[in-house]
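no letters, just coordinates:
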């Protein structure tokens, strides 16, 4: 007599994804990437189309705020919105290739992941353009939020339950303070260390190469993420 086959074992449900132990937000321009050559090229293309003079070296010396804020310095107010759209349309062809990752950028993101955390990019740049940069440079944060500047960055930092925000501008410090998270500043953008400290940065690093060691000390010293 043939022994009946045992019923198939029930399939195991997939293991639930483990939530990150903590989240660290990063600004993009002049924090993770040196976008000055790319932005300069985009402005030069815009100048060629409009015939309006723009000091592109001055522009790239003060990156941070949304592009419309800078365009308002060179064009009539009633043209700024349309030229902002044109700038973003020109950007993929002119702004991506010349841009490089800043020293320590990849290692900083890796350090967060290795410690069990999630890296989040929160930038004033539009999300599609930010993602083009990150993909081109092989930088892979866990999430990207675009179109937020200064205090408005607190919206994303709060939503993703960030514990710290890393940026190069006093506007990034303002975003961290508004979200009540640790403000970690890097002196790789237009704002010198003294200005970042005066704005309320909790920590000022020379650049992201110092970030992994700082992160390790912060996590081990605090016992748990938090300002």
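On my side now, so go ahead. Just so it is clear, the model here is predicted, and its values are computed rather than measured.

tell me the secondary structure for residue 121?
At residue 121 the chain is in strand, as set by DSSP: H, G, I helix; E, B strand; the rest coil.

that's a helix at residue 185, yeah?
No: under three-state DSSP, residue 185 falls outside any helix and is assigned strand.

so it touches residue 200, yeah?
No: judged on CB atoms under 8 Å, residue 185 makes no contact with residue 200 at a distance of 9.4 Å. All C-beta atoms are positioned from the backbone trio N, CA, C, and that covers glycine.

what residues are shared contacts of those two?
Counting by CB atoms under 8 Å, 6 or more residues apart in numbering, the common neighbours of residue 185 and residue 200 are residue 173.

neighbour count: those two, which is higher?
Using other CB atoms under 10 Å, the more surrounded residue of residue 185 and residue 200 is residue 185, with 29 against 13.

got a list of what the more buried one touches?
166-168, 172-173, 191, 193, 196-197, 201, 203-205.

starting at the chain centroid, how far to stretch 141-155?
8 Å (CA atoms, centre = their mean, to the nearest Å).

I'd like the average pLDDT over it.
Averaging pLDDT along stretch 141-155 yields 98.

likewise for stretch 111-120?
97.

can you list contacts of it?
20-26, 108-109, 141-145, 156-157, 160, 162, 211-212, 215-216, 219, 225.

buried subset of the contacts of residue 185?
166, 167, 168, 172, 173, 191, 196, 197, 201, 203, 204, 205 (16 or more other CB atoms under 10 Å).

quick one: the first one is in a helix?
No: counting by three-state DSSP, residue 166 falls outside a helix, being strand.

residues touching it, list them.
Here residue 166 is in contact with 24, 25, 26, 27, 31, 108, 172, 184, 185, 186, 208, 211 (criterion: CB under 8 Å, 6+ apart).

check the gap between it and residue 80 for me.
Distance of residue 166 to residue 80, given as CB to CB, to the nearest Å: 30 Å.

same check on residue 169?
Distance, residue 169 to residue 80, by CB to CB: 21 Å.

same question, residue 73
Distance, residue 73 to residue 80, using CB to CB: 10 Å.

then residue 31?
Taking CB to CB, one finds residue 31 at 25 Å from residue 80.

who's more crowded, these two?
Comparing residue 31 with residue 80 by other CB under 10 Å, the one with more neighbours is residue 31, at 27 against 18.

my read is that one is in a helix, agree?
No: counting by three-state DSSP, residue 31 is not found in a helix; it is coil.

for it, what are its contacts?
Counting by CB under 8 Å, 6+ apart, residue 31 makes contact with 102, 166, 167, 168, 172, 186, 188, 189, 208.

the worst-scoring helix or strand of the chain on mean pLDDT: which residues count as buried?
Across the helices and strands of the chain, mean pLDDT, DSSP states H and E gives its lowest value to helix 211-222, namely a mean of 91. Of all the residues in helix 211-222, those buried under the rule 16+ other CB under 10 Å are 211, 212, 214, 215, 218, 219.
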